[in-house]
Every structure is written in C-alpha cells, then in structure tokens.
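Kindly generate the corresponding structure for this input.
(2 chains, ligands or ions: 2)
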Amino acid sequence: MSIKQLIFRNLKKNLKNYYLYVFALIFSVALYFAFVTLQFDPALDEAKGSVKGAASMRAASVLLVAIVSIFLLYANNIFIKRRSQEIGLLQLIGMTKNRIFHILSIENFMLYYSSLAIGSFIGFAASKLIMMILFKITKVETIATLNFSTHALIQTLIVFTVIYIFIMLMNFLFIKKQSILSLFNVLSSSQIKINKVSFVQIIIGIVGICLIVSGYFVSTKLFGGDFSTMTELFIAMIYILSSVIIGTYLFYKGSVTFIFNIIRKQKNGYLTVNEVLSLSSLMFRMKSNALLLTIITTVSALAIGLLSLSYIAYYSAEKSAENYVAADFSMTVKEDAELFKQALNSHEIAYSERVIDVIQVEVDVRNLIETKLEEINFDPNVMLLSVISDDAIQNVDLSTEETIFTGYSDILQKFMSFKDSGKIDLKGKEINIPQNYLGLKKDFVISNYFTNGGLPTAIVDDSTFKQLKNDLVTEIQKESSIYIGITVKNEKNLEKANDIYTETSEKLNNVSPHSSRLNISNVQKKNMGMIMFIVGFLGLTFLITSGCILYFKQMDESEEEKSNYTILRKLGFTQGDLLKGIRIKQLFNFGIPLTIGLLHSYFAVQSGWFLFGTEIWTPMILVMVLYTVLYSIFGLLSILYYKRVIRESLY
Amino acid sequence: MTILTGKKIHKIYGNKFNKQEVLKALDINIQKGEFVSIMGPSGSGKTTLLNVLSSIDKVSNGSIQIGDKEITTMKEKQLAEFRKRNLGFIFQEYNLLDTLTVKENILLPLSITKVPKKEANQKFKLLAEELGIYEVKDKYPNQISGGQKQRTSAARAFIHEPSIIFADEPTGALDSKSASDLLMKLSELNQKLKATIIMVTHDMAAASFSNRVIFIKDGGIYSHLNKGEQTRQTFYQDIMKTQGVLGGVHHEH
Ligand SMILES: Nc1ncnc2c1ncn2[C@@H]1O[C@H](COP(=O)(O)OP(=O)(O)OP(=O)(O)O)[C@@H](O)[C@H]1O
Ligand SMILES: [Mg+2]
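Ligands and ions are numbered 1, 2, ... in the order given. Model (predicted):
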C-alpha cells in the first residue's frame, strides 16, 4: 500500500470516528470568523457604542482564541492517544518516526484546513444572522448587510494556523517520546485502577462537600450586613471563590466515589444491571477526571452566572428606568416643558401632566438608620432628602406630625436600611419640625435628578411642607425645585412622543436636566445587550467545546468498557437492558457537572443580582434552561455512540 | 429426552478472501440431564462449538434446537431472554466484570429474576463457601488469583440454577483439590437438579466425571465414549486411549 493510499484510508476511517471533532473544529472556526467579521464591520460601530464596547469585543476575541485553542489541543491529545496502537503498528512494520509524523501531519492538514475552509464559509454566512441578533438586542436600527472582510479572514487563518502548528508540535513530541512497546500500552495504562475506597478518600469526599456548602453559605451572607468593611467583603469573596472551586475538585476526587460507595454498600453485592453500568463505572472514573470536570464546572458556572447577570440587567432595563424617571418624560424647567407640550399638542398626542414642588431639606434620621457598611460614611444627623407635599400624591394623606418615605433603590437597601418607624427631625434654616416616621413605600414619584443617588423622598403634610418652604436653607437647594412629569396617555404613541422629545430637547438652550424613560431604558439595553451578546458568544463556544470534550471522554470510556458489554450480553442481557443502564450513567456523567455548575451559578447570581437589576427569576431560569438543553444534546449524542458500541460488542 | 440437537453445524471465520472453516457439518445430540465432556486438540473448535450451541455466536449454516425451539432463527431479544433464564456459563477467559466485586459478579444473574435479597444472600454464602471463595467476596477481579477468578466465574454460572450449564475449561487454572471440588459441584448440580452440563476440557481426569465424552477433530466429531456402568477409573483409562490416538495437541496448517 502506498503512503498516499494509507493516508487516504486513515482519513476516511477517522472522519467516521471523529465526525464530532470535525464538527467542533468547523464550528469553532465559524464562530471565530463570524466574530471577527463583526468586529471589523463598520455597521457595528453604532452597536458597539463606545470605546468600551470595542475593547470588550477585542478582549472577547482573545478569550475566544484561548477557549478554542485549549479545546483543539485537548481534543488532539485524546485522539493521538487513541491512535497510538496504529502508530505503533506502523513503526512495527518498519516506518521511521519521522515518516509517521509526516503522514499524520498531512492527514491532519487535510482534515484541519478543509474544516477551516468550511468553517469560514459558514461563519461568513452566519455573521449576518448574528449581526441581526446583535442589532435586535441592542436596539440599533440599522440594516444588517453582509460585508466580506479580508482582514477577518486573514486573522482567522493566522490564528488557526498557529493552533495547527501547536498541534503538530504536540504530535511530534508525542511520537518522539513513545517506544513501540509503550505505544501499545497507552490505552491500558490510562485504564482505571480499581481499588477499595480508602479512608483518605472518605475524608476528601466529606471535606469537598463541606467546602462547597460553606462557600454557598457565605455567599448568601455576602451583602447581608455581616461583612462591614470593604476588606472583609473582599476576603469573603475570595473565600467563596476558593472554597467552592477547591470543594468542587475534592467533590469529584472523593465525594462522588464516596456517595456511590455508600449506595453500593447498601446493596450488599446485589446490583441490577443498571447499577452495574452506572454506579460501578462512575465511581472510579469521575475521580480520574476530577481536574477536567472542575474546570468545566467552574467555567460553566461562570458563563451561566455572567449571562444571567447581564440578562437580568437587560431584562430590568425598563424597570430600572422607571426608578430613574417617574413618568415617561421628566422636566425641571417650566419653559422647556411648555415647549415639549406644544410639540405634543401639535402632533395630537394626548398626555397627562403632573407637577410637584420639590424642596431639599436636611433630615435627622439618627433613630432610623441601620447602616451596614461602615465605609458609607455620612452623618445621619443631616441626611439631605427631597421633600414633597402629600397633596401631590394621590392616596396619601398625612397628619401634621407624620412623614413617610417613598422610592428607595434595592442596592442602597442592602447597605443601609431604615427601621419601620421612629422619630425624625426636619430641619429648616431656623425651625426644627419633629415628625413620626411611618414607613417606606416602594414607588418613585420624582425623577432621579432630585433623589441624590437613590435616596428616598420624604412626603409630609401640606402644612408642614409650607412651613419648610418658607424656611429654606438656600445653599442646599437644587437649581430647580419643580418636577414636571409628562406621561403619554396612549402607550402606542410613546415612540413618537420620544422622537418629538429628542427633537425638542435639541432646541432647549439651557442644560436643565430632563430625561426620557424610554431613552434611559434603551441606553441600558444597548450597553447590556452588547455585554450579553459577548458573554453569550463566549459561553456558547465554551459550552460546545466542553460538551465535545465530555463526549470524547465518553467515546473512550465506551471503548474501554466494550468488553464488559460483551460479557453482559453473553450472560443474556439485551442491548435494551444495557442501554437503559447507560442512560442512567450518562444522566450522572453529564448531569453531575451540569447540576453543580448550575448550583454554583445560582448562588453566585443570588448573592449579587440586585446590583444589576430588579428581576431575577425569569432571566436566570431562561438562561439556565437554555444552557441545560444545549448541554443535554451532548449527553444524547454520547448515548447514541454507546448504542453503537453495545451493538458491536457481540456477534 | 433430547434437550439439544445440532444438525450440520458450519462455522466459518474470516471474509471471502481469507476463510477458515472451523466447524464442518458437525452433528451433536445432548440428552436432558446428561453431563457431557468435549475434548479435542487446541484450536480444534471446542470453544467455537460451545459458543454456537449456547447462542453466543451465530452459526454460518445448520440448525440448533434447544428443547423444541430452533435457536438459529430466534431474534436477539428472545435469545438473550432465553440465555438469561436457562443457561449458565463458565468462560475460558473467566469474563468477569472488573468494576464489580466477586460477590457482585456472582449475584448478577439473580438480579434479573428478582430473587429476594435475603434468599440471594443465602444462596451466595452457601455456594461461595463450597467453592472456597467466600473470603475474597469483596475483592475486585484484579486482586484475586486466576483460580479464584475461575471459581467466581463458576459460581456465577451456578447461582441461578440454570437448566443447561456450558463450561469452557472450568478447571484449567485450578490445583487438583479445587478442581475436584468444582467437578464434584458440577456432578451434584447434574444429579440433584438434573442440570444438563456441557463441558470443554483438556483434562482427562475432569472428563472422567462426565457421562459421555465427545472428541472433536478437524471441525467434526471424531468419536464418542460412554461411561455407562463403568467406574471413573476405567472410564479414565478409555479416555486416555482415545486421546492417545487423537494425538494430544494438534497442529493445523
Ligand atoms: N473470532 C474469531 N475470528 C477468527 N477466527 C477465530 C475466532 N475465534 C476462533 N477462531 C479460530 O477458530 C479456530 C478454533 O478456535 P477455538 O477457540 O474454537 O479453539 P479451541 O478448540 O477452543 O482451542 P483451545 O483448546 O485452545 O481453547 C482457531 O483456529 C481460531 O484461530
Ligand atoms: Mg477454547
């Protein structure tokens, strides 16, 4: 057989076995190429928005290269080991190592570069779709066009060629290092060592679970007030990270074996075929893959967590805009408001208006405050709050001694909370009005221009308000003391009204603060959309590559266990019986890392989500479900592979 | 009553270009409750014959009936079901699952028939003690000797009291004491439970435990020896004579 034939035959055989590798290769190339195409597309400038957006795109593309190259090197490592027998055989028939390396390189070259070509093509085609998605989530209204970028192609080629060189280097070293004999032994030496579960392992197992649980526990306390300085907070975060990661490692190293061992002990030697295939094999294998599984779990958790958080921020954009602007549009200058109202009238858009007088008053809240973070240093004797009259708010009627607070951001609440009731003092220039504080309401009634960074607004009885107004401390008053909220009556007209607002605001000559809720929400959507897009892109790449690696591992495992299937089938277990056991096994194999990853990210999101938005469940669950579904695909594929191995194990 | 009939069994290994006909039109008949030994030179096709008779391997041609069922045409699922309930195997290469302990390996066939745990444990204890492997019950196959593996394999074949036991060199790795213990156990199963036993062996002493010895050579049956009313001693002499004619290890090609 000539070398050419040999290469060709190997190639054909490998393609059948490694279709997923080829698929993953094509997929990585496509993703990367699409990403850089986007990066170089001028149409994207608007979506990128700022220098920050462009920088994060660049950082993401570097990360993308890192993920892809680690994956490809790892996958290659698996495959070269699988082929060591073949390599040994070629050596046995007298081929030199250089010659073998040569054959391998050519074979790899063909596989690699045809995947590269196909991948680039798909990537290019997909980039338009991806761009449309990006524009959609960042609310940029541009038509996505297809621009072929030579720059992107060259960059892709360079990156993947460098990876190829590394792969070749790895293969070269692998072949150089091996003697004929050891080549034949690679598979068997990687086989699991079956031993009794030792005492040390039990300890490792328990410690692992304890570490994870303690990390989770601290994470729930993170912003609960137990850590009062920045240093403490920082130490707590470091503790959570390290205890969870180390705990995860120990969990795979010992806990899985330990737990399964307890279950197995209880069976007292009487195992069903399902248990034989799942329990007994998982027990020993998870341990040897501990590091890999830890990395996969941690990075999955990171991806799910980040994606959830950015989606929370995106999803809450409208809600948080409501906290900033208490109406569709808010103004602080009468003339400006007039101008805008005229414009609305001329377009026949119906609206309602609410005008509220707002004054700034120093309030002594000493008796109310429970500050948690020592480093928020302010004087509770003189908290500067906006004060409005209860006449301005419907459904609120207070007596002269009563005050309630309204509108208070969740984030501030975490660091500083108010008691439910207590005595406060409203301080004018001369007078001092003692009040009974009755509680905190959630609604924001004026815009954030007045709220001094999310502090509540005090509502007092009209008479009290008048008293204060006549005794103002002028230095602390804002430029404007009037809030004008304009709300469009028919929601359908909002977009149009917003256009009018944008037009009008250009004409306003002074720099008085006025804002549109829609604009604020859109800006946040744009920023968060971009981040979400990038995190999603990276997360998807990571998901696919780690899914592939788990699948490859399962491919190896199934080959190693083939003899077991043969035995079981000889004893009279049907393919169906075995497959049932395999399904359970894969449920654990893919389910355990997934569940742990989901749990990690759940606790991470829980501990700090309120810094990002106002709604946690819908966005988080959506992200998690999506991740789970995509991840399960690899589990299903591996079951199909097992099915084939089981079928071929007898006759 | 005949329990197993094989007619014109052909077994060909290899492909079109490289054929090796291991069994050539072999006929065989086994009575219910018989203890049959199969002897023959190495490579003569004993394991192959056992495999096709027990439906683990497919014949290239011919028919095999167990009871009144033709097994060569049966579906894989039916075959598996049949094997699982009625057959017991002691394989030449032991075929133990290396991720299971000795006890787990042995109890495997019982999990199918849903024998209660307590009963299973009793059965196990009795059998394992008889075969001298109770002490190693919690070890894994890679931690026990070849002989212990063989006895484990045997215990697994006996535990569910199958109606036919196929044993391929069950005493190959055993010292004479363990070997005769195992053979006594086989005889006992044969006599008490009327289990049919088909055993491949090189060991004439082992063969002398059976009712009948079949010699195979060149893919066919060379001769039969019936024990009849003879003692084991005289039967042993007979076997030795035939074996001598057959000529020990046979070199093909
Ligand atoms: N799976 C197979 N593929 C190809 N040839 C096989 C296969 N199994 C057995 N053979 C061939 O069939 C012949 C008979 O093998 P078999 O294992 O039945 O011999 P045996 O009588 O059991 O020998 P031994 O006493 O050494 O166990 C041998 O020549 C062997 O090379
Ligand atoms: Mg044999």
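
Show me where the stretch 551-651 of chain A dips below the pLDDT cut-off.
For the stretch 551-651 of chain A, no stretch has pLDDT under 70.

Would you enumerate the residues in contact with the most centrally placed residue in chain B?
With distances taken as Cα atoms, centre = their mean, the residue of chain B nearest its centroid is residue B:167 (1.7 Å). Neighbouring residues of residue B:167 by Cβ atoms under 8 Å, 6 or more residues apart in numbering or on different chains: B:89-90, B:154, B:157, B:186, B:197-200. Heads up, the C-betas are built off the backbone N, CA and C, glycines and all.

All the strands of the chain, in order from the start?
Reading this off chain A. Counting by DSSP state E, chain A has strands at residues A:329-331, A:351-357, A:359-364, A:369-371, A:383-389, A:402-406, A:416-418, A:422-427, A:432-441, A:457-460, A:482-488, A:515-516.

that's the other chain; I wanted chain B
So, for chain B - with DSSP E - the strands run B:2-13, B:20-31, B:35-39, B:61-66, B:69-70, B:87-90, B:164-168, B:196-200, B:212-217, B:220-226.

Contacts for the fourth one next, please.
Read that as strand B:61-66. Applying Cβ under 8 Å, 6+ apart, the contact partners of strand B:61-66 are B:3-10, B:25-26, B:52-53, B:55, B:70-72, B:82, B:86, B:164.

so that strand versus strand B:196-200, what angle?
Orientation note: strand B:61-66 sits at an angle of 140 degrees relative to strand B:196-200 (axes from the mean of the first three to the mean of the last three Cα atoms, to 10 degrees).

got the angle for strand B:61-66 vs strand B:20-31?
Going by the same axes, to 10 degrees, strand B:61-66 makes 30 degrees with strand B:20-31.

Show the average pLDDT along strand B:61-66.
The average pLDDT within strand B:61-66 is 92.

contacting residues for the residue of the stretch 151-253 of chain B found nearest chain A?
In the stretch 151-253 of chain B, the residue that lies nearest chain A is residue B:156 (8.0 Å; Cβ to the nearest Cβ). Taking Cβ under 8 Å, 6+ apart, we find residue B:156 in contact with A:571, B:88, B:96, B:105-106, B:108-109.

Show me which of these are buried.
Buried subset of those (neighbour count, 16 or more other Cβ atoms under 10 Å in any protein chain shown): A:571, B:88, B:96, B:105-106, B:108-109.

Output the contacts of residue B:167 in a markdown table, with distance to residue A:104, neighbour count and pLDDT appended to each entry.
Formatted as a markdown table, the contacts of residue B:167 follow (distance: Cβ to Cβ, whole Å; neighbours: other Cβ atoms under 10 Å in any protein chain shown; pLDDT from 0 to 100):
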| residue | distance to residue A:104 | neighbour count | pLDDT |
| --- | --- | --- | --- |
| B:89 | 42 | 25 | 92 |
| B:90 | 44 | 27 | 92 |
| B:154 | 47 | 27 | 92 |
| B:157 | 46 | 24 | 93 |
| B:186 | 53 | 25 | 88 |
| B:197 | 53 | 26 | 94 |
| B:198 | 49 | 24 | 95 |
| B:199 | 49 | 26 | 95 |
| B:200 | 45 | 25 | 94 |
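
got the residues of chain B near ligand 2?
Applying Cβ under 5 Å from the ion, we find that chain B lies next to ligand 2 at B:47, B:92.

neighbouring contacts of the longest helix along chain B?
Longest helix of chain B, by residue count under DSSP state H: helix B:176-192. Applying Cβ under 8 Å, 6+ apart, the contact partners of helix B:176-192 are B:33, B:35, B:130-132, B:147, B:150-151, B:154, B:158, B:161, B:165, B:167, B:170-171, B:174, B:195-197, B:199, B:203, B:205-206, B:209.

Which of these fall within helices?
Under the assignment DSSP H, the contacts of helix B:176-192 contribute B:130, B:147, B:150-151, B:154, B:158, B:205-206 to helices.

Highest neighbour count among those?
residue B:151 (32 neighbours; other Cβ atoms under 10 Å in any protein chain shown).

Now that that residue has come up, it's in contact with residue B:174, right?
Yes. Assessed by Cβ atoms under 8 Å, residue B:151 is found in contact with residue B:174 at 7.4 Å.

Once you drop chain neighbours, what's closest to residue A:63?
Leaving aside its chain neighbours, residue A:63 sits nearest to residue A:538 (5.7 Å; criterion: Cβ to Cβ, 6 or more residues apart in numbering or on different chains).
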